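quick one: sequence and predicted model below, then my questions.
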Amino acid sequence: MADKIKLLFLGCKDFPPFANKKIISGGMEVYTYELSKRLASTIDIRLIVGRDEVSEDVFDESDKCTINKVPIHGQSVMQPLSLTLYSFLKAWKTRKEITIINPQTPLSGLVAVVCKFLFKKPYVQTVHSFGSTTEHVGNKLYALIYYLIERLTLVYADKVVTAGESLKVFLSERHNIPIEKISVIHSGMDITDVSRDESFLDKKFKIKPDDFVLFFLGRYIAENGVFDIIEAVRILKSKNVPVKLYFAGSGELKKDINKKIVEYSLEANVIELGPVYGGEKYQLIERADIMLRTSYHEVFPVAFLEALSVGTPVIATPVGDNEYMARDSGGIELVPVHAPEAIAAAIERLKNSPEILSSMGESGIRYVKTIPWAKQAKKTLDILTSVLQKKSD
């Protein structure tokens with residue numbers, strides 16, 4: 001196969017991730033962004049993304065992607081729906097500029113299904129979440145709709161990629177997909193060199209050198225266990241265990257989180273920041289003594305890897321691939337799902353064991369060194385190449 005691969009990424013609401021406060025970004029956008037950066041010098045990459053405030057200058061001059069911007073509307077469910085609808089038209093207009101499609105959500109996979117049957121374009125369907133479960137979408141009706149969309153896009157995909165081992169098994173069993181059709185390419189991570197700036201942390205976030213800092217990074221949604229974490233801090237306060245919890249992210253529960261902080265009189269203990277970016281984000285991650293995300297279900301969280309890459313231990317729940325990550329990294333403490341008392345106990349125990357925290361941080365860094373993004377990009381390229389080679393045979 002001599003021709004250069006021309007890849008279309010679908011499903012990213014924001015690119016780069018978190019560039020627009022109106023758009024709800026997540027780990028999927030980070031995943032696509034990082035893969036794009038590594039692949040853009042080897043293959044031609046086009047992305048269809050949400051329109052507002054999208055930067056064209058996200059790569060070096062020699063490694064740029066083509067970014068097609070389409071309107072995106074509303075909040076929550078409406079954002080991916082509107083992105084998918086507008087993506088149909090843009091994909092049709094640019095069909096001659098692509099040889100293979102990689103939708104990053106089953107919903108955006110509907111565009112790929114149409115392109116496969118109308119224009120003979122193969123596609124590799126990537127799945128990042130247990131989307132067809134009620135825990136993820138909120139009710140049985142949405143779960144059924146998502147299930148039907150997921151099933152359609154997986155059945156007709158030339159190859160399926162999941163962001164975790166547990167998700168691979170789940171999808172294979174739920175949709176009767178041959179296990180050999182599914183490959184796992186989880187998020188990668190590169191070691192991040194962060195020089196702590198104590199004066200900046202004090203001035204910007206009121207963090208003192210002696211503060212014991214907890215950090216949440218992610219979407220403000222119930223399934224990420226946000227209220228369990230707040231309850232855990234309330235328990236610690238009642239026991240006179242001093243901690244500061246910083247929430248960073250975005251989502252529909254922002255007002256509810258701030259309301260709960262006031263209800264529990266935790267204004268001095270819990271600070272909601274909204275989205276944080278770049279150097280500020282990594283200053284907070286590196287300064288944190290522990291990252292918290294006690295989700296009800298996960299796949300392979302990028303936020304955990306960001307923490308481990310700077311030596312910050314993590315407290316998480318044993319869902320998705322978290323158990324594998326905890327075993328392999330040595331940097332993650334597991335607690336039961338929906339258990340604020342256990343979260344509080346784990347925080348207190350680790351706070352009183354600085355040598356354990358230090359050991360976890362060192363172990364996490366060693367683990368991250370084994371999963372660089374370049375390695376995950378090479379796996380992606382191999383799959384795209386094999387699909388196109390099979391099509392040309």
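Nice, I can see it.

how much space between the residue nearest to Ser386 when sequence neighbours are not counted and Ile271?
Distances taken as C-beta to C-beta, 6 or more residues apart in numbering put Lys159 closest to Ser386, at 7.6 Å, once the chain neighbours are dropped. Heads up, the C-betas are built off the backbone N, CA and C, glycines and all. To Ile271, Lys159 is 44 Å away according to C-beta to C-beta, to the nearest Å.

more crowded one of these two?
Lys159 (19 against 16; other C-beta atoms under 10 Å).

so the more buried one sits right up against Gln389, yeah?
No - assessed by C-beta atoms under 8 Å, Lys159 is found out of contact with Gln389, at 11.7 Å.

so where is the chain shaky, pLDDT-wise?
In the predicted model of the chain, residues 1-2, 51-63 satisfy pLDDT under 70.

next, the contact list for Val111, please.
10, 84, 87-88, 91, 101, 103 (C-beta atoms under 8 Å, 6 or more residues apart in numbering).

now what about the top helix by length along the chain, what contacts it?
In terms of residue count, the longest helix belonging to the chain (DSSP state H) is helix 373-392. Outside of helix 373-392, the residues within contact range by C-beta under 8 Å, 6+ apart are 1, 5, 7, 34-35, 37-39, 42-43, 99-100, 102, 122, 124, 158-159, 161, 183, 185-190.

so Glu267 makes contact with Lys259?
No - counting by C-beta under 8 Å, Glu267 does not reach Lys259; the two are 11.8 Å apart.

distance of Val49 relative to Tyr33?
In terms of C-beta to C-beta, Val49 sits 10 Å off from Tyr33.

and what about Glu272, helix, strand or coil?
Taken by DSSP: H, G, I helix; E, B strand; the rest coil, the conformation at Glu272 corresponds to strand.

wait, it touches Lys254, no?
Yes - assessed by C-beta under 8 Å, Glu272 is found in contact with Lys254 at 7.0 Å.

looking at these two, which one has more neighbours?
Glu272 (19 against 15).

with adjacent residues omitted, what lies nearest to that one?
Sequence neighbours aside, Phe247 is the residue nearest to Glu272 in space, at 4.5 Å (criterion: C-beta to C-beta, 6+ apart).

could you say which helix or strand holds that neighbour?
strand 244-250 (DSSP states H and E).

I'd like the distance from that strand to the chain centre, please.
Distance of strand 244-250 from its chain centroid, counting by C-alpha atoms, centre = their mean, to the nearest Å, is 16 Å.

elements contacting that strand?
strand 213-219, helix 226-238, strand 270-274, helix 278-287 (3 or more C-beta pairs under 8 Å, 6 or more residues apart in numbering; DSSP states H and E).

out of the ones you listed, which is closest to Pro336?
Proximity to Pro336 (C-beta to C-beta) singles out helix 226-238 among these, at 10.0 Å.

using CSV, write out every CA atom in stretch 380-392.
Presented in CSV, the C-alpha positions along stretch 380-392 are these (Å, rounded to 0.1, in the frame of the first residue of the first chain):
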residue,chain,number,x,y,z
THR,A,380,-2.9,2.9,16.0
LEU,A,381,-0.9,3.3,12.7
ASP,A,382,-0.4,-0.4,12.5
ILE,A,383,-4.2,-1.0,12.7
LEU,A,384,-5.0,1.6,10.1
THR,A,385,-2.4,0.2,7.8
SER,A,386,-3.7,-3.4,8.2
VAL,A,387,-7.3,-2.4,7.5
LEU,A,388,-6.4,-0.5,4.4
GLN,A,389,-4.1,-3.4,3.2
LYS,A,390,-6.9,-5.9,3.7
LYS,A,391,-9.3,-3.6,1.7
SER,A,392,-6.8,-3.4,-1.2
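
centre of the chain to it, how far?
The answer for stretch 380-392 is 25 Å, by C-alpha atoms, centre = their mean.

can you check stretch 293-307 too?
The answer for stretch 293-307 is 8 Å, by C-alpha atoms, centre = their mean.

that stretch: end-to-end distance?
End-to-end distance for stretch 293-307, by C-alpha to C-alpha, to the nearest Å: 11 Å.

likewise for stretch 363-381?
30 Å.

and if you look at stretch 268-279?
Stretch 268-279 has an end-to-end distance of 24 Å (C-alpha to C-alpha).

same question for stretch 203-218.
So stretch 203-218: terminal residues 24 Å apart, C-alpha to C-alpha.

show me where the stretch 51-200 of the chain has helices.
Ranges of helices in the stretch 51-200 of the chain, per DSSP state H, counting those that start in this stretch, are 78-93, 106-119, 134-137, 140-156, 165-175, 198-205.

dump stretch 337-357 to CSV, restricted to CA.
Once non-C-alpha atoms are left out, stretch 337-357 reads as follows in CSV (Å, rounded to 0.1, in the frame of the first residue of the first chain):
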residue,chain,number,x,y,z
VAL,A,337,-17.4,2.3,45.0
HIS,A,338,-19.8,4.9,46.6
ALA,A,339,-18.0,4.7,49.9
PRO,A,340,-17.2,8.2,51.4
GLU,A,341,-16.1,6.6,54.7
ALA,A,342,-13.5,4.4,52.9
ILE,A,343,-12.3,7.4,50.9
ALA,A,344,-11.8,9.4,54.0
ALA,A,345,-10.0,6.6,55.8
ALA,A,346,-7.7,6.1,52.8
ILE,A,347,-6.8,9.8,52.7
GLU,A,348,-6.2,9.9,56.4
ARG,A,349,-4.0,6.8,56.3
LEU,A,350,-1.9,8.0,53.5
LYS,A,351,-1.6,11.5,55.0
ASN,A,352,-0.1,9.9,58.1
SER,A,353,2.3,7.7,55.9
PRO,A,354,4.5,10.1,53.9
GLU,A,355,6.9,7.3,53.1
ILE,A,356,4.1,5.3,51.5
LEU,A,357,3.0,8.3,49.4
